[in-house]
Structures are given as structure tokens and as C-alpha cells.
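[1] prediction below, plus the sequence it came from.
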Amino acid sequence: MGVIASLPEAIAELVRDGATVALEGFTHLIPVAAGHEIIRQGRRDLTLVRMTPDIVYDEMIGAGCARKLIFSWAGNPGVGSLHRFRDAVRHGWPAPLEIEEHSHAGMANRYVAGATGLPFAVLRGYVGTDLPAQTTTIKPITCPFTGEVLTAVPALNPDVGIVHAQRADRAGNVQMWGITGVHKEVVLASRHSLVTVEEIVDHLDPRPGAVILPSWAVTFVAEVPGGAHPSYAMGYSERDNDYYQAWDAISRDREAFSAWLRERVLSGVPAT
Amino acid sequence: MGVIASLPEAIAELVRDGATVALEGFTHLIPVAAGHEIIRQGRRDLTLVRMTPDIVYDEMIGAGCARKLIFSWAGNPGVGSLHRFRDAVRHGWPAPLEIEEHSHAGMANRYVAGATGLPFAVLRGYVGTDLPAQTTTIKPITCPFTGEVLTAVPALNPDVGIVHAQRADRAGNVQMWGITGVHKEVVLASRHSLVTVEEIVDHLDPRPGAVILPSWAVTFVAEVPGGAHPSYAMGYSERDNDYYQAWDAISRDREAFSAWLRERVLSGVPAT
Amino acid sequence: MTWSADEMMTVAAARALRDGDRCFVGIGRPSTAANLARRTHAPNLVLIYESGTIGAKPATLPLSIGDGVLAETADAVVPVPEIFNYWLQPGRIDVGFLGAAQIDRYGNINTTVIGDDYRDPRVRLPGAGGAPEIAASCREVIVIVKHSPRTFVERVDFVTSVGYGSGPGDRARLGLTGRGPALVITDLGVLEPDPDTAEFTLTQVHPGVDPAAAKEATGWPLAVTAELRVTPDPSPAELSTLRLLERPA
Amino acid sequence: MTWSADEMMTVAAARALRDGDRCFVGIGRPSTAANLARRTHAPNLVLIYESGTIGAKPATLPLSIGDGVLAETADAVVPVPEIFNYWLQPGRIDVGFLGAAQIDRYGNINTTVIGDDYRDPRVRLPGAGGAPEIAASCREVIVIVKHSPRTFVERVDFVTSVGYGSGPGDRARLGLTGRGPALVITDLGVLEPDPDTAEFTLTQVHPGVDPAAAKEATGWPLAVTAELRVTPDPSPAELSTLRLLERPA
């Protein structure tokens, strides 16, 4: 628990073909390097879960890792569409992509249910929209006290939950700050977890806004400086907005994408 | 919203006879001075809500403020029983006390439901115990996805939620740290709220572990240094363990209690 | 000073925000408009982003909903489940700002798919994000979207976020707690729901805009209110503040 | 060194904890035992208090479940709803430590009322606190309670926290995820559930205790295991550490 490992070791240990894998990070602390390592290790038929699939999921989908996507907003934030995602949904390239679609509130609550050991969560949501007709994962539920009808969504319990964080200590306790999104929930909801961190330090000095994941709640910790690029790690790096802009052209075309994948990911020296 | 007022003004404005009032604080940051002000203002027929009714609720019950108590653990922590509470339950002195009893997990989830605008919360709890037979506020609920039967509890939405905190700024934004219990939940679940604070400062500098309640989520803020005594405010005061010990003898006897109440609360200069 | 239609749209949206409002802000035009409002007439506007930043006070426009500047300047940063469950769902937010790929005469919004078949769409859009619950739970909603017949459609292909459903009474019937879309602000003018029919009606045009242009850019027979107002020109202060905000860092 | 029966009980409870265990600790004897374990054979014991302190490392014994020293030394301090919902309920805690006003042959615990009538009790006890869900969800439960016929009863007056219900299979039938009470540690010895009947049986006596004394102090016909063990004497290290811990500040 909280075992410190290299990124390739941790991914090889945790992520198997056909697994359900969630890489989370709400704009901040996205575990991009871990996604690239999954691509390099050639995983297939994954069910990928993520509230906001953006560039790293576009890459994984384009690389053929995914069979299914569970999500609530798939786009290149501030730029536009995810072309690899659209190509997979519309043309099945490089593989057909099944989708299970929710709202942010629904996805967040599904992780909460998973983290709390409940089979479902209750929210005010989806009523009157066309989403419930497209999935078996949104159902009505009646309050046993007031009779009011609300909405239930099933727990998400991925096989593997992966996030990036700022720091860990040598015992594997993880510290993160800034926008922490659903980091805690996805780690606690998942059967196994990996946290990539900017650095491993001797002592986690307290910081305003810091969230701690105790070592025993995490499966692996891997030191991967810059592992969130092109997203950022507050206190360590800035968001690489140019990369998000540039992705639009790279991803629009299958050939350009495939060349990029070969040069920048597949031939990349695995992070250690 | 976040209006800065004196304690007597805020209590007079918010707490009316017959109201449902929650004073929260899990060992730490208990709004004891606010409870004394409610006693001084002679409020009656209150439904008092609190996970851990301890000395301040024993005092309020002994002073005749309460008609009903909603709670999960009623004792003098580390010392023993609450004698005024027991006298009210067993002998109706000074007034009969109806009780609605839960577990901590149930109470915490009832506040969460209240804070999130849902009529109920779901938990794994109470199954096999004798508690559900004694209340209409514990019911089974079936997961619409798995068929598993879990437990539902209704939301708590007190008329008034009162907590103590370390600091507020002049705009009424509240900052607290250390053990914050259900502070956020009770303030957000309640129709109106009062936060008593150790001090009002120009600027809330960020602190590790600090929780912020924005001014617009709080009705009144009152500066009451030492307002948590005999509990404590981390960074400002220590828990007065002797007071908890001494309470046992004072509260055991109706006369001793009544004398204490006259001398120490009723004749007390109201905090301003 | 002259200005573009886009600038006029943003200024009109900023003006719709009242000082002290708690505003749930999406990235792009809503964020620009909300930040403009905070720097002009509404200094106490509370900006809330779905990334969990409450009371953000960015000095420059964030490029994403989770930029560091939002966390650094916020009164509080909370987890994403908390922002939806504790702050949005119970109705604590005054104004929700939404965009749309399609919007219909009852203010229903589509950001999911274009085309009749969800499983085989003509265009796959990003999806719901926070919009359905923003549309359901904010005290009121303001939509900012450019006017075009492709966007302003008789009936959206997919209801991602509910406006007035199929007409008056639907929101109450569905149990939605917020009032629904109060304003649709475009590059041509402002639409408001008719008090009787809940159908969006042109109530205001921007300076120099012929209401006929708005009718042409709308996919349903757009009604025009009898007392059509004209948006006051953007002030020099509004324009210079907006341009300063939008200047690349 | 000599020792008291109380000290023996606390030492026996401390020994039941394994290094590295995550332990949900109540105030009083459980807290003393857990802190003793952490200072002797189990330095990596993770102490979790229901006030929300995870990994507390108090240098002195806390007098309340929410003492400042717990927050100051904890790895993390989380809100009370989180400690129950995110940490206890899903089964992340290895050992829950409980006390009891009454406990019956199946390890069911009463901390609510003494007497037959809940509405008019002979003695009104503090109530449930965190106990019902600790008893339900921890991987296993250890009960620490002094032996007396008033406490060890045939059947508890009120089931506050479920042990084995009315016998084998009840926990599974009720859907309780944890294994239930594994040990009842008293001032006389240790009781464990019979593998077949789930009835608590005397499996160990403390040094110098006659099993007949335990039988007399038990309100049901207490079975004694064939291979009755004797608790090893408290070591000087255990006793001196305990006395240091319990010394008033």
C-alpha cells in the first residue's frame, strides 16, 4: 500500500486489457504521462472513465486502447472538439467506441457512491433531459419520507484509478492542493490506484488547501516530474495552453495523429 | 448575509420559541456562549438538534428551553452521564423531553442531505439494531440498480444552525480549522445561521486545514472571544477539562444546578 | 469608439448581472462577461466555476475552467462533488451562464449531438458537462449564443438542458427548482420568455440591428415584443475594460 | 512489577492490535489500549478517531475524542461525514474498538437504555454514537469491558450495535460487511466467538484468574474452551509505557 514504483512497473502491474480505468484531474493535475504509458504498453479494450476526457483520452482513443468511454464532457477545453473521439464515435476508427454519457453532477456522484461503498447515489438531475433514454444508468428513486421522486445513478468502482498530485513522502502518503476535483473520490472508489507525483520528499509540510491521501489508501505512487503536462501542477508548472491549441491540428487528421503518436509517445523513453 | 451583529441581537433575531435549533461542534468549537444567550433570552419549546449533546445542551435542557432532542450521543465526554438530560427524559423535569435518536453516521448524513437540498440520505446503517423500531426517521430503501436494500434517513433542515469558529473578516467570511466536524453541513442545511467567532480580522490569511464559509452562506456573524468555553478553539484556547469534571457534581442535583444557572448564566452580562 | 457584434453581446451579458449575485460561470463568453461585470458595475459579483473555485477574482481571463489563477484568487476551493452537491443543487446560486449548440423556442439547450440518431449523430458535441444541473438549479439562467438559424431551431435534436420543456408549467411539473432561462443574449439582441407562452421573444436589439435580421437568424417564427428596446451603446469604460481583459497575456 | 486488573485488560487489548492496522478508536480504554500498542509493538498502527482525525499520533492520552493534540498530529483531518462515509462505511478500517454497558452471548451491545421500556428506561445511557456502524463495517471488532453479571447478560435490553445477532449467519443475512466482534477483552480474560455457535466463550484468562470467577461474572452459562490459555504477564515495558501514558499531564 502506497508502494513507490516506477511508472512502467505500476502501469504493468495494474492495467490489464479489458480493465475499467479512470484517469481523473479537473483541468489540473491530469495524469497524462500515465496515459502515455498505457498507450506504450499497448493496452486494449479498456473502459475509460473520466468526467472531462480531453487530450490524453483523445490520444488513448486514437491509439486504440479503448472499447468504451464513460464521461460527462468530451472536448478540448477552450479550443474545440476532440477529433480522435469523434472519429471513433462516428467511424469506428481505429476501433468502435461505446459511450455511456452523464452530466458532471451525475459523474461526480457516481464516484462518491463508489468511494462510500454504496451501490448508488441520489441527486436532483437529468429530469426532463434526453439523457436517461440513452442509458440504463439513470433511474428514478422515490424518497421514502416525502414521496418526492429524485434521480439515482450507479456507483463507479473502476479497476484502476489514476491521478497526478504534487508530492508524496517516502512512506507513500500523497499531498495535493489547488483544484483537486474528484481526486480523492476516484482513488477511494477504485479497486487499485496509482498516484503520479511531481516529487517524493522526506516530509510533507502542511499547506493551505492541501488534501492528504494516506499511504494505505493508495496502491502505487510513482515519481513523474511533469507528469501532468500539458495540464499543470500548481506550484510546479503552468498549463501549456499552446499544446492544447496545437492539438487541434494534430488530431484532426489520422495520419498526422499517427505520426505524432509514433514520434512523441510510442518511441518515447518511458518515464521512470 | 454574513451580517456582523452582537450575540444577543443575533439570537433575538433568529431563535424563536418552538424553533428547531442546532448548535454543533464535535468536541471542538462548540458554540456554548450562544447556548447561554438562548437560555438568558428565555426561549421555550425548542427542538434541539446536536450529534453530541454535552454540557451546553444539558444546561439548556435543565433551563427548560427544550421540548425535543434529536441526537446520536448524549453524555459528558470522558466523564459520564448528562444528569439534566436524564432527569428530563426520566422525570420530565423541568419539562418533558421527547427524543429522536440516531447514530453518528445517521445524523451526519441527515445534515449532508439537508445541506445538499435532498429530502433524504442513504447509508449502510442501523440494520439489525433496535433503533429503527423507535422512530419513523429510519427506513429501508432499495437500490434501483442492484436491488440491495440500504437505509434512508430524512434530511435535517434546522430553522437555525449555530457554530463557533476561529475567525471572520469584516465582510463576514468565516474561517475555521482543526476538527470542523459537521460545521459546514449544519450551516448550509439550516434556513438561517449564526457563527460566533474568536475574533474579526481585516484579512483571513490562508492556513493549512482551514475551511471557509463565504459570507453569503451565513446569516449572522458575532464576535464572541472564548465563546466555545469549556470546549476550545484551536489556536486560541485549550479545552477546560476541569469544567467538564466539575459539571458532574453541579448537574447531579436540581438545586445545585438551579443555583449555578442563576449565578453563572442568567445573571451573566450578555456577551456583546 | 466602435465595437464588434461579439463585444456588444458580451457587454449586454455583463450588464445582466447584478452586483452581489452568485454566478456559476462556464468558460468562454460567460466567463468573459462575468469578469467584465465584476470589473465594471458589479465589483461584488461572486464567480463560481465548476472546478470548485468559489469567489474567484482572476486578474486575467482564465483560458480553462480550472486555471491556477482561479484557485489562487478564490475565497474557497472545494472538491467537484461539493460544488455540485452543496452549492449548486440546493439553489444557492443566483445566475447560471450557459452556451448552446442548439436552442429552441422554449429555451431548451442541446450540447450533445446534432442529428436524429444519438447512436449515429451527424455531429458529436462535447456533451452535458455541468449544464443540465445548472439549468435545473440556478435561480435563473442566462444563455449567451450567436444568432443563426442552425443554432436557433424549432426543436433541439437532443435536450441536454431543460429550459421551459414544451411550454408553461413544465418546469414545475418536472420538479425543477430554478426559474429557468431568463435571457438569451445574442450578437443581434436579447430574447426573453413570453410571460404567457414561455416562448422566447425578441425584446431588445443591439444598436443598428434590424429586428428582421434576428427573425431571419431564428429557426422558428420569432415574435417581436411591442415595446422593442434598443441596447444602450457599450460605454468607453466597458469597451476598454473588455479589451484589456481579452488582450493575450 | 505488579499490576492491576485494569492494567492487564488494557495490555491484553493493546496486544490484540497488529502493527499497520487501521484502528477506529473510541475514547477511554480503547484509546489507551491503541496508544499503548502504538508505543510498544505496533509503531505503525493508524489511529482513526470519529472526530475526523486520521493517523493521529498523540504524545499524551487525549481526554476527548476531539482533543487538539489529535488534529495537530494527524496525517489528515476530515469532516465528520467524510470519516463515516468515505473511511468507515466502505470497510477501510481493520479494527473497531468498542465498549459496552451490556453485552450478550452473541456479542450484541447495548449503550442506549437499561430496562424493558425504551420510552421509560431504568437507566438512560448516552446512546449509539459511532458504534452501530463501527460494529457493522470494520473488518473486525474488539470489545473492551469489565466483567460483571450486570454487563454480561443473556440478552441485551436494547441492541445498539449488532454482534452476531441471534447466532451464526445473521450478519450475512443482515448484509453487514465486517466480520463482527472477534474478541471481548475483560479484566478477567478474553472471550472469543465459538466457530460453530457464534456464542462468546472463555478462551483465555489473565494470570491468577480462576475461570470460575469469569463464569460467575457472566449472565449466561459461560462455556470455557478446552485449551484455555493464560495471558502472558504484562512486560515491564508494557506497564511502564502504560503508566507514562496515563500519568496526568
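    On my side now, so go ahead.
[2] mind listing what A:Ala5 touches?
    Neighbouring residues of A:Ala5 by CB atoms under 8 Å, 6 or more residues apart in numbering or on different chains: A:13, A:220-222. All C-beta atoms are positioned from the backbone trio N, CA, C, and that covers glycine.
[3] 6 Å - rerun?
    By CB atoms under 6 Å, 6 or more residues apart in numbering or on different chains, the contact list for A:Ala5 reads A:220, A:222.
[4] pLDDT score assigned to it?
    Confidence at A:Ala5, expressed as pLDDT, is 98.
[5] residues from the stretch 1-150 of chain A in reach of chain B?
    Neighbours of chain B within the stretch 1-150 of chain A, by CB under 6 Å from any CB of the partner chain: A:118-120, A:122, A:139, A:141, A:143-146, A:148.
[6] ok, and the closest non-adjacent residue to residue 111?
    In the absence of a named chain, this looks at chain A. Using CB to CB, 6 or more residues apart in numbering or on different chains and skipping the chain neighbours, the partner closest in space to A:Tyr111 is A:Glu185 (3.9 Å).
[7] that's the wrong chain, I wanted chain C
    C:Thr160 (4.7 Å).
[8] how about the strands in the stretch 51-200 of chain A?
    A:66-71, A:98-101, A:120-123, A:139-142, A:149-154, A:160-169, A:174-176, A:192-201 (DSSP state E, counting those that start in this stretch).
[9] of all those, which one is nearest chain C?
    Evaluated over those, closeness to chain C peaks at strand A:98-101, with 5.8 Å, by CB to the nearest CB.
[10] residues in contact with whichever residue of chain A sits closest to chain D?
    Closest contact between chain A and chain D, by CB to the nearest CB, is at A:Gly117 (3.1 Å). A:Gly117 makes contacts with D:89-90, as judged by CB under 6 Å, 6+ apart.
[11] likewise C:Phe200?
    C:105, C:107, C:184, C:191, C:193.
[12] what of A:Val163?
    If you count contacts by CB under 6 Å, 6+ apart, then A:Val163 has A:24, A:31, A:183, A:195 around it.
[13] go again using 10 Å as the cut-off
    By CB atoms under 10 Å, 6 or more residues apart in numbering or on different chains, the contact set of A:Val163 is A:22-25, A:29-31, A:34, A:174, A:176, A:180-187, A:190, A:193-197, A:213, A:218, A:228.
[14] separation between the closest residue to C:Asp170 other than its chain neighbours and C:Gly130?
    Counting by CB to CB, 6+ apart, C:Asp170 lies nearest to C:Tyr164, which is 5.8 Å off, once chain neighbours are set aside. Separation of C:Tyr164 from C:Gly130 (CB to CB, to the nearest Å): 20 Å.
[15] please apply the same query to A:Gln245.
    From A:Gln245 to C:Gly130 the distance is 24 Å (CB to CB).
[16] tell me if C:Gln204 really is in a strand.
    Yes: counting by DSSP: H, G, I helix; E, B strand; the rest coil, C:Gln204 falls inside a strand.
[17] grab the nearest non-local neighbour of it.
    Closest residue in space to C:Gln204, ignoring its immediate chain neighbours: C:Val190 at 3.9 Å, by CB to CB, 6+ apart.
[18] can you list the strands that the strand or helix carrying the one you found pairs with?
    Element membership for C:Val190 (DSSP states H and E) is strand C:189-193. Note on strand C:189-193: by DSSP bridges, its sheet partners are strand C:181-185 (antiparallel), strand C:200-205 (antiparallel).
[19] average pLDDT across the first one?
    Meaning strand C:181-185. 98.
[20] same check on stretch C:128-147?
    Average pLDDT, stretch C:128-147: 97.
[21] so A:Met176 sits right up against A:Ala165, yeah?
    Yes: using CB atoms under 10 Å, A:Met176 is in contact with A:Ala165, at 3.8 Å.
[22] what is in contact with the two at once?
    Shared contacts of A:Met176 and A:Ala165 (CB under 10 Å, 6+ apart): A:25, A:29, A:183, A:195, A:197-198, A:210-213, A:233.
[23] out of those residues, flag the one nearest to chain B.
    Using CB to the nearest CB, A:Ala210 comes nearest to chain B of the shared contacts of A:Met176 and A:Ala165, at 6.4 Å.
[24] contacts only, for the residue lying closest to the closest one once chain neighbours are set aside.
    Leaving out its chain neighbours, the residue that sits closest to A:Ala210 by CB to CB, 6+ apart is A:Trp177, at 4.5 Å. Neighbour list for A:Trp177: A:28-29, A:165-167, A:207-211, A:233-235, B:208, C:71, C:77 [criterion: CB under 10 Å, 6+ apart].
[25] and the residues you listed, which of them are buried?
    Taking 16 or more other CB atoms under 10 Å in any protein chain shown as the criterion, what is buried in the contacts of A:Trp177 is A:28-29, A:165-167, A:207, A:209-211, A:233-234, C:71, C:77.
[26] element containing the residue nearest the centre of chain C?
    Nearest to the geometric centre of chain C sits C:Val143, at 2.7 Å (CA atoms, centre = their mean). Using DSSP H and E, C:Val143 maps to strand C:140-144.
[27] could you do C:Pro132 as well?
    helix C:131-137.
[28] starting at the chain centroid, how far to that helix?
    Distance of helix C:131-137 from the chain centroid (CA atoms, centre = their mean, to the nearest Å) equals 12 Å.
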